[in-house]
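> After the sequence you'll find the predicted model.
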There are 2 protein chains.
Amino acid sequence: MKLSFEELKAELTRAFIALGFEQERAILCAHLFTQTTCDGVYSHGVNRFPRFVHSIKTGLVKVNSVPEKVSGFAALERWDGRQGPGNLNAFAAMSRAMNLSEQYGIGCVSLRNTNHWMRGGTYGWQAAEGGCIAICWTNTMPNLPPWGSTVPTVGNNPLIFAVPYNRGHVILDMAMSQFSYGALANYQQRNESLPVDGGFDDKGNLTRDPAAIELSKRPLPIGYWKGSGLAVILDMVAAILAMGNATHQLSGDVLQESALSQTFIAIRPRALGDDTQVEQILDGIIESLHRSPGDQTGSQARYPGERTLKIRQDNLSHGIPVSDEIWKKIQAVANAGNDA
Amino acid sequence: MKLSFEELKAELTRAFIALGFEQERAILCAHLFTQTTCDGVYSHGVNRFPRFVHSIKTGLVKVNSVPEKVSGFAALERWDGRQGPGNLNAFAAMSRAMNLSEQYGIGCVSLRNTNHWMRGGTYGWQAAEGGCIAICWTNTMPNLPPWGSTVPTVGNNPLIFAVPYNRGHVILDMAMSQFSYGALANYQQRNESLPVDGGFDDKGNLTRDPAAIELSKRPLPIGYWKGSGLAVILDMVAAILAMGNATHQLSGDVLQESALSQTFIAIRPRALGDDTQVEQILDGIIESLHRSPGDQTGSQARYPGERTLKIRQDNLSHGIPVSDEIWKKIQAVANAGNDA
């Protein structure tokens, strides 16, 4: 089925209120879920709703816990997420980093003891809409073998870069694995092989077969040794700034993943003036990219986030696709609240 | 031949003085070249000396130009490199970011109109030795086709992350191309194929043949579309913060590469206290990495910069390898100064 942004958001709001969220928090949580879904990242939007509900019911996520400041020194702050909902915690942390950047030009907030932030790009869009450049990342449970090892002992630690741009912000949202397990499952369902090597098979050979990678649990870091190194150092920075858990301290059970560490940096280019010139520089880079001759597959170079804008527009015009199964679950949770 | 750190640094200092550097600047420039060579990054150490001299003689690099502050707002500053030597400019910019982080917990310095910074990791080591986490990057001339295009219109824009660590700092220094042209040439010389796909051949097929990639000029971004996107957004942030050139505005001739834009971020974890705990967190991450079972090739997972420490120790103990050809060039430049 296809739903309007407001329909989906309203029903999610009802569901989150039924789950015990204070009203304002329920609305924001519903907004973030709806926005992610509208942007086409279904896996981290409504399709994640059942797991999110499960994490609330098992007590992993405490719906009304808000982050608490632990320590701070001018533009650098450390917060404790107190097991609150990962998306609301991350949104609050990026807000705070943006506030600090108003005062100092740049701000950095680290967050410990938080939960899965759903789509990392959300906090890039948030920053860009507020006129900020953002760099932020999270650690994750161990789900990626570091280069040189066969066992998933590092996280795929998604890294986000965001740049505010009048014609549609530029947002890079990338995990350190070439393909997520979700992406591998999608290729397998469609009976397709991966477009490039995505991991090792059980014999240690690089493969494009998604089933072989699910079996070996050896997805490939982007750029092999490079993405592996980046995953390690992102985990280090997140953990030491937040004085929180590193990946190796987190449960390897996806349903138990909790108490993560995250870093949020916001930079305010406007603090140095020259708004018009900033836009001209970005226009120039994007025009140059669009002029780059396409390859033999008929592809065209794009800037990060460019495709998201098209999907968003499409979903806003024609409705946001939500599976019947997920919609029924959202309604059931929302109505259970009414019965209670 | 093999030279001690002090022998190499002394002769390089003589050479830079002969090239017109003020004494203190000559000493620092020689130190950075020697350190990079001692760390095993020969391509960006003494082996780059001839090209560096060439760039001075053609006027691309102005040896005694120092960076000038253009504007600033608390912890965020913009500087103009005034075509000075890229390594001295970058060192000054990172120093300034570190100073800002003393005052604000975090500092960000952008630099425009600068030259090639040689080894990017240098500024990571610099920050870590001063107790700072660092994130810094540079844009480069167009040398990498963005994903979806056949023509090198983006830069390989090296990105550095650094974490101070008592047992040897953690430094990630990675370009956005899977292999540099220098690395491709090395494999070709040894008549070896690449360990993983490194680019496309002329027909648009992925290949491990370094010669085919040199011919097609289509090296591969790390993580395919991911590294391509990261290269684009790093260029954007560097250019808009510095109000400087983006990659597409730079010469595609490697001997004319100049007026680059760079970003330097320093974060001071000690501003929030808890030094001992920071070391414990890093110990835990590194021990976990070292416990990860090795793969079928007999490899072992390492943290970024771990190998550098071993090479450095080895070169300090047994001498730094310098080719006769390069050593003669350094001596010739140093002695030409005496003649002048």
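Great, that's in hand. Residues are numbered from 1 along each chain as shown, chains lettered A, B, ... in the order given.
> list the contacts for the nearest residue to A:His116 once chain neighbours are set aside?
Distances taken as CB to CB, 6 or more residues apart in numbering or on different chains put A:Gly86 closest to A:His116, at 4.5 Å, once the chain neighbours are dropped. To be clear about C-beta, it is placed using only N, CA and C from the backbone, and glycine gets the same treatment. The contact partners of A:Gly86, taken as CB atoms under 8 Å, 6 or more residues apart in numbering or on different chains, are A:Val61, A:Thr114, A:Asn115, A:His116, A:Trp117, A:Met118, A:Leu260.
> Please repeat the previous calculation with a cut-off of 10 Å.
Contacts for A:Gly86 (CB atoms under 10 Å, 6 or more residues apart in numbering or on different chains) come out as A:52, A:55, A:61, A:111, A:114-118, A:138, A:257-258, A:260, A:262.
> and what of A:Leu3?
Contacts of A:Leu3 (CB under 10 Å, 6+ apart): A:9-11, A:34, A:37-38, A:46, A:315, A:319-322, A:327, A:330.
> Assign A:Gly84 to helix, strand or coil.
Following DSSP: H, G, I helix; E, B strand; the rest coil, A:Gly84 is assigned to coil.
> and the gap between it and A:Leu234?
From A:Gly84 over to A:Leu234 the distance is 22 Å, taken as CB to CB, to the nearest Å.
> Same question for A:Pro67.
Distance from A:Pro67 to A:Leu234, by CB to CB: 20 Å.
> Counting neighbours around each, name which of the two comes out higher.
More crowded of A:Pro67 and A:Leu234, by other CB atoms under 10 Å in any protein chain shown: A:Leu234, with 27 against 22.
> Test my guess that that one contacts A:Pro221.
No - with contact defined as CB atoms under 10 Å, A:Leu234 does not count as touching A:Pro221 (11.7 Å).
> ok, A:Gly227 - contacts?
A:Gly227 neighbours (CB under 10 Å, 6+ apart): A:144, A:146-147, A:154, A:156-157, A:159, A:174-178, A:220-221, B:174, B:222-223, B:226-227.
> right, and the helix or strand after the helix or strand hosting it?
Assigning secondary structure by DSSP states H and E places A:Gly227 in helix A:225-242. Next along the chain after helix A:225-242, taking DSSP H and E as the criterion, comes strand A:260-267.
> how far does stretch A:49-56 sit from the chain's center?
16 Å (CA atoms, centre = their mean, to the nearest Å).
> Okay, now stretch A:120-140: how far is its last residue from its first?
Using CA to CA, to the nearest Å, one end of stretch A:120-140 lies 12 Å from the other.
> Where does the closest residue to A:Gly204 other than its chain neighbours sit: helix, strand or coil?
Take A:Gly204 and drop its neighbours on the chain: the residue closest to it by CB to CB, 6+ apart is B:Gln296, 4.0 Å away. At B:Gln296 the chain is in coil, as set by three-state DSSP.
> Quick check: the spatially closest residue to A:Ile56 that is not a sequence neighbour vs chain B, distance?
In space, and not counting its chain neighbours, A:Ile56 is closest to A:Leu19: 5.5 Å by CB to CB, 6+ apart. Separation of A:Leu19 from chain B (CB to the nearest CB, to the nearest Å) stands at 34 Å.
> sorry, back to before: just the contacts of A:Gly86: which are in helices?
Per DSSP state H, helices hold the following members of the contacts of A:Gly86: A:Phe52, A:Ser55.
> of the contacts of A:Gly86, closest to chain B?
Distances from chain B to the contacts of A:Gly86, taken as CB to the nearest CB, are shortest for A:Leu111 (13.1 Å).
> what are the bridge partners for the closest one, then?
A:Leu111 has these beta-bridge partners by DSSP bridges: A:Trp79, A:Gln262.
> if we can go back for a sec, what is the burial count for the residue nearest to A:Gly204?
B:Gln296 has 10 neighbouring residues, counting by other CB under 10 Å.
> Please apply the same query to A:Leu260.
30.
> my guess is it meets A:Gly120, correct?
No - contact status for A:Leu260 versus A:Gly120: not in contact, 11.6 Å apart, counting by CB under 10 Å.
> shared neighbours of those two, which are they?
A:Ala90, A:Thr138, A:Asn157.
> Chain A: helices as residue ranges?
A:5-18, A:23-38, A:49-57, A:86-104, A:121-129, A:181-189, A:210-216, A:225-242, A:275-291, A:306-318, A:324-339.
> highest average neighbour count across those?
Mean neighbour count, computed with mean count of other CB atoms under 10 Å in any protein chain shown, is highest for helix A:225-242 among the helices of chain A, reaching a mean of 27.
> So for A:Ala340, what's the pLDDT?
Per-residue pLDDT puts A:Ala340 at 44.
> now A:Gly273
85.
> Okay, it and B:Ser71: tell me how far apart.
Applying CB to CB, the value for A:Gly273 to B:Ser71 is 7 Å.
> what do the two both touch?
B:Arg78, B:Met243.
> What's the separation between the nearest residue to A:Leu215 once chain neighbours are set aside and chain B?
Of all residues not flanking A:Leu215 in the chain, A:Asp202 sits nearest, at 6.2 Å (CB to CB, 6+ apart). The gap separating A:Asp202 from chain B is 10 Å, by CB to the nearest CB.
> ditto for A:Leu159
Taking CB to the nearest CB, one finds A:Leu159 at 8 Å from chain B.
> for the nearest residue to that residue once chain neighbours are set aside, what are its contacts?
With sequence-adjacent residues excluded and distances taken as CB to CB, 6+ apart, A:Leu159 is closest to A:Trp137, at 4.4 Å. With contacts defined as CB under 10 Å, 6+ apart, A:Trp137 is in contact with A:117, A:120, A:123, A:155, A:157-161, A:174-176, A:230-231, A:234-235, A:237-238, A:261-265.
> A:Trp137 and A:Met176: what is the separation?
Distance from A:Trp137 to A:Met176, by CB to CB: 9 Å.
> shared neighbours of the two, anything?
By CB under 10 Å, 6+ apart, the residues touching both A:Trp137 and A:Met176 are A:Gly155, A:Asn157, A:Pro158, A:Leu159, A:Leu230, A:Ala231, A:Leu234, A:Asp235.
> Show me which residues of the stretch 1-150 of chain A are close to chain B?
A:70-78, A:100-108, A:110, A:124, A:133-135, A:139, A:142, A:145-150 (CB under 10 Å from any CB of the partner chain).
> Out of those, list just those in strands.
A:70-73, A:76-78, A:106-108, A:110, A:133-135 (DSSP state E).
> Make a markdown table out of the shared contacts of A:Trp137 and A:Met176 and add pLDDT and distance to B:Arg291.
Converted to a markdown table, the shared contacts of A:Trp137 and A:Met176 look like this (pLDDT from 0 to 100; distance: CB to CB, whole Å):
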| residue | pLDDT | distance to B:Arg291 |
| --- | --- | --- |
| A:Gly155 | 98 | 16 |
| A:Asn157 | 98 | 19 |
| A:Pro158 | 97 | 24 |
| A:Leu159 | 98 | 25 |
| A:Leu230 | 98 | 20 |
| A:Ala231 | 98 | 16 |
| A:Leu234 | 98 | 20 |
| A:Asp235 | 98 | 15 |
